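K.L.:
give me a model of this one.
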Amino acid sequence: MEQQSFNKGSFSRQQDIVHKQSKGYARNARKGQKFTTTHDLQKEKVDIPQLVQELEDKLSKGQVECMICYDMVRREAAIWSCGSCYAIFHITCTRKWARAPISADYSIASTNEVSVGSWRCPGCQSPQFLSVEEIKYNCFCGQVLEPQVDYYLTPHSCGGPCKKSLSSAKCPHCKHVCTMQCHPGPCPPCNAMAPPQLCPCGKTSFTQRCSELKSAKSCGQICGHQLQCGRHFCQKICHEGPCGSCDTLMVVRCFCGRKEEAILCGTMSLQGELDSENGVFSCEYLCLNKLRCGKHSCNRICHPGKCEECELAPEKVKTCPCGKTPIQGLLGAGKQRKNCTDPVPHCGQVCEKLLPCGMHKCQSLCHNGHCPPCEVLVDQKCRCSSSSQTVPCYKAMDLRKEATVEESAVEFLCNRTCGKKKSCGRHRCSNKCCALANSNVAPPPGQDPHLCLLPCGKKLRCGQHVCEELCHSGYCRPCLGSTFTDLTCACGRTSIPPPVPCGTPPPSCTYPCSQPQPCGHAATHQCHFGECPPCVALTSKECVGGHVTLTNVPCGSKDIKCNKPCGRPRQCRLHACARLCHLPPCEEVTEVGPNKVSSCKQQCGAPRRDCEHVCVALCHPGSSCPEERCKFPVTITCSCGRLKHQVLCDAGEASRGHDVLELAYISSLPLQPVDSKVKIPLGQRKLACDEECAKLEKKRILADAFGMTGVPDDPALCSESVQATSDALREILIRDPQWVLAIEDRFKYLVLGTKSSAGPIRVHVFGFLPKERRDIIRQLADRWNLSVNAAGREPKRFLTVHVNSKSHAPHSRMLFGKAALPVLGHAQASAFNSSLDMDPRLVVGLFDLPREADISTLVLRFGGECELVWLNDKNALAVFFDIMRAATAIRRVDHASAYTGAVKTLVTTTAAPSGKCWGDGVTTSKTFSRRKVVEESNWSEDAWGEKWARSQGETAWDIRGPPISTSTNPWGALEHDSITSSDTAQGMRKVAAPIVSGHTQELSINIAADSWEDLDD
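P.N.:
Take a look at the predicted model:
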């Protein structure tokens, strides 16, 4: 039921539309309007523009696209149509386009015309002289404003006759209008019959359609119009336009009658019939015809008409030549000149006629003819006004003033080059004595004073053409060239449709390269022009030296080299090439004789016969090694090995003789005496032992006697080998020995502690200490050969100490006469001290970083909140200033882990998470506390691993008084039967020692001796 009602409603609406349409047609018929539809014109076989048919078809189907919004133009939408390209746009889009600055017509604005409301069509860019308010929705013919929607008519058409004028550039004389129904696009040609029209010559008339009246039709007869010369007629076929000049050749004479020439009739200025006695042109020579007097000739250039009267005729000459005195007064009473040959009397006065220079007067006496040249000396400036010279006035006459034929002024030019920049700004004027170099000389109006006339010649942006304009400043205009073929990529699957501006790069193709690879692998790069890049497929290749086969090498790699020596035999046939793997040849081949071998320029390396060293001379094939003195440095010692000295080996034939300096040097050495008859090289001799050697030998014998092996031989125990330290360390050791011992305790744990307890790398971070304390830590770290790094800025500068491959326990156990902690024994971690150690919760460890590890998250996110300290290429520490930020870094940064250091961290149960991020599982307490020593009866073991006799409750931090003494006599030199200990708090020991009389005696010995000499004494 609903479907039937809908169909009935739509049918009724269609009936209403048909009824209204019939009323519109009837209304137009009553008004007497006649119009022709497209169907009617097709029946009459009239050529309808194809654009009209396409637009009507697309509008009916809704397929016209607005070029501004790229949306389809519907039947109900208001539109605006361009009158030049007939493109159709939405009226709202058109108004937005007209308001946009990009649509402004700059060509009109540049011509200083009224550009208010001028904008360009988005389709054809033709100027539109309409304001935004004047853009309205009209039908295509413009007669109806906002036409109603009619489904039986062409969309946006009013249904009436078009009535547009059909006059155009092709048919300017047409006065008819378009009879089609209101339509889009151009109107069809006019089909009405035009009135009869004469041919160009006017002899015949023709009748044709109005649209065919493009040009007057020729009748094919001779034109016959009289030419401009007035003497001949046009012999061309009936044509449009002027007939042109007369091309008939005529033989004529000049005005003076002495020369005849054949010239074209149209080039003569005289019109009409010519008189055979009169000439028609000037021969540019003097006339020289006899004047009427018959005695003088005409001095004028060949001229038309009769010659003038003689200038010397009595009726013309009234004064003397200078014009000051009448001639009658000079001739006397009753005397007159009767003809032109009579002389003209002179007055005898100065002539004073104005000379051609215009500044001076003639100073000669009254004379006939022209005045002589002006001889007044004047200063003549050059053209650029930079130089001047003194010349007669007639030579300095300005060329812009009129000069006589006989005397022309000479222009003075200097040799100064202009040098001013031309209009292009690149080149300079190279003219000598340039008139435009003078600022007082105004350039010609409308011209550039230094216009550069050289071609520009710069490469345009296209890269293929050069600028053909005159040299100019600024950028060159874009290349206007374009191609009308598709610009394709190398494989042809991607292209740019024409027109393609010149210089457009080929399109970027996303398809893989289609060229076959010589190696046989599939191409992994995109389509391109030119040669393919090297193949990146991984394969196995042998190095250029043939040593090893490398895997995972890109297929396109060439000249692969390994790190092994070349090993190819050199041209000497004795040595192998010592260079790293390389391409052959190993050296330049030199031409030698058939039985000779050239040297390879390497070190010989053959063992010497006089010593254990090798020959250092260059390769010498075919000859024995030269007998030269061996210059290898060797170390000679004394018999006990304490004294050492480095000298030259000095073995060889040349060692039998030395110069004065060498002999003086050898004599300064404490050498053992040898037989003068035997020549022993210096490097094979021995030094003589001194008193220290004898004392050391005595101590060694004493140590062997008491069963102490190894210790006396340690040079670190000698007084000369005790490590030298600074006065600051001596002072801090006396003032605060517990602080020094605490640092030594941490260093001992780093060096002697197990790796499992210290982490991947054994490192400790000290807190923020002053510079004096940091220097003490550096000196103490040098004793243990630990690596020290400083970071941060004052006052928050701190030190990090970590173990390296050379770290070891110090040899010396003494610090300025005070016994340091023994280095032997089990190492334990110390308790955390806030005044000495960095809070472990502020330190984040980055240990065992892989090569591809990326710590950009730490740098970018926590860059200003921490100090990054690199221990080596795989381990680093990040020291934060906020505990919460450090905890966040452990969670967010890859490869981050907790740091423990060389101390035990005692944290509260609420501070540490269940995963034990901080510390290493130590029993928790509420606050950090100092290290407590486990009390075991009367003996306690400290962090250094040795037992000390202390009172109950005494700790390592509570020791005061004398320096710490050793547990027992370390060498047992005075020990006999038993050892008793007492007074340990005062650092004294009582040892039973043998007495000469056989009795025993209690001896109290202070073990804190400074050296072995004091103990011996």
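K.L.:
check contacts around the spatially most central residue of the chain.
P.N.:
In the chain, the centroid-proximal residue (Cα atoms, centre = their mean) is Arg461; its distance is 17.8 Å. Going by Cβ atoms under 8 Å, 6 or more residues apart in numbering, Arg461 touches 476, 478-479, 503. From N, CA and C alone the C-beta is placed, and that goes for glycine too.
K.L.:
ok, Ser60 next?
P.N.:
154-155 are the contacts of Ser60 under Cβ under 8 Å, 6+ apart.
K.L.:
could you look up the SS state of it?
P.N.:
With DSSP: H, G, I helix; E, B strand; the rest coil as the basis, Ser60 sits in helix.
K.L.:
and it, how far is that from Glu54?
P.N.:
Ser60 sits 11 Å away from Glu54, going by Cβ to Cβ, to the nearest Å.
K.L.:
for the stretch 701-850 of the chain, give me the ranges with low pLDDT.
P.N.:
706-726, 754-759, 811-827 (pLDDT under 70).
K.L.:
what ranges does it have for its strands?
P.N.:
Here the stretch 701-850 of the chain has its strands, by DSSP state E, counting those that start in this stretch, at 763-765, 787-791, 798-802, 814-815, 818-819, 830-831, 843-846.
K.L.:
stretch 727-734: how far from the chain's middle?
P.N.:
59 Å (Cα atoms, centre = their mean, to the nearest Å).
K.L.:
in that stretch, what counts as buried?
P.N.:
729, 732-733 (16 or more other Cβ atoms under 10 Å).
K.L.:
hmm, back to that, tell me the secondary structure at the residue nearest to the centre of the chain.
P.N.:
Going by three-state DSSP: Arg461 is coil.
K.L.:
quick check: Ile761 touching Leu849?
P.N.:
No: counting by Cβ atoms under 8 Å, Ile761 sits too far from Leu849 to count as a contact (11.2 Å).
K.L.:
and the helices in the stretch 551-700 of the chain?
P.N.:
Secondary structure of the stretch 551-700 of the chain (DSSP state H, counting those that start in this stretch): helices at 660-668, 691-705.
K.L.:
now render these as TSV, adding mean neighbour count and distance to Cys201.
P.N.:
Listed next are the helices of the stretch 551-700 of the chain as TSV, based on neighbours: other Cβ atoms under 10 Å; distance: least, Cβ to Cβ, whole Å:
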stretch	mean neighbour count	distance to Cys201
helix 660-668	10	127
helix 691-705	14	142
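K.L.:
looking at these, which one has the lowest mean pLDDT?
P.N.:
In terms of average pLDDT, helix 660-668 trails the rest of the helices of the stretch 551-700 of the chain, at a mean of 79.
K.L.:
I'd say Asp882 and Phe862 touch.
P.N.:
No: counting by Cβ under 8 Å, Asp882 stays clear of Phe862, with 9.8 Å between them.
K.L.:
which one of those two has more residues nearby?
P.N.:
The neighbour comparison of Asp882 against Phe862 (other Cβ atoms under 10 Å) goes to Phe862, with 20 against 13.
K.L.:
show me where pLDDT drops low in the stretch 901-1017 of the chain?
P.N.:
Checking the stretch 901-1017 of the chain against pLDDT under 70 turns up 905-1017.
K.L.:
repeat that for 80
P.N.:
904-1017 (pLDDT under 80).
K.L.:
now the helices for the stretch 1-150 of the chain?
P.N.:
Under DSSP H, counting those that start in this stretch, the stretch 1-150 of the chain gives helices at 2-30, 38-43, 50-61, 91-99, 106-110.
K.L.:
same thing with the stretch 301-450 of the chain?
P.N.:
Under DSSP H, counting those that start in this stretch, the stretch 301-450 of the chain gives helices at 327-331.
K.L.:
show me the shaky parts of it.
P.N.:
Using pLDDT under 80, the stretch 301-450 of the chain drops low at 329, 331-335, 396-411, 436-449.
K.L.:
could you rerun that using 50?
P.N.:
By pLDDT under 50, the low-scoring segments of the stretch 301-450 of the chain are 399-408.
K.L.:
about what we covered before: next, format the buried residues of stretch 727-734 as a markdown table and append distance to Lys163.
P.N.:
Listed next are the buried residues of stretch 727-734 as a markdown table, based on distance: Cβ to Cβ, whole Å:
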| residue | distance to Lys163 |
| --- | --- |
| Leu729 | 115 |
| Ile732 | 114 |
| Leu733 | 119 |
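K.L.:
which residues sit in contact with the closest residue to Val765 other than its chain neighbours?
P.N.:
Spatial nearest neighbour of Val765, chain neighbours left out: Met838 (4.0 Å); criterion: Cβ to Cβ, 6 or more residues apart in numbering. The neighbours of Met838, taking Cβ under 8 Å, 6+ apart as the test, are 765-768, 798, 879, 901.
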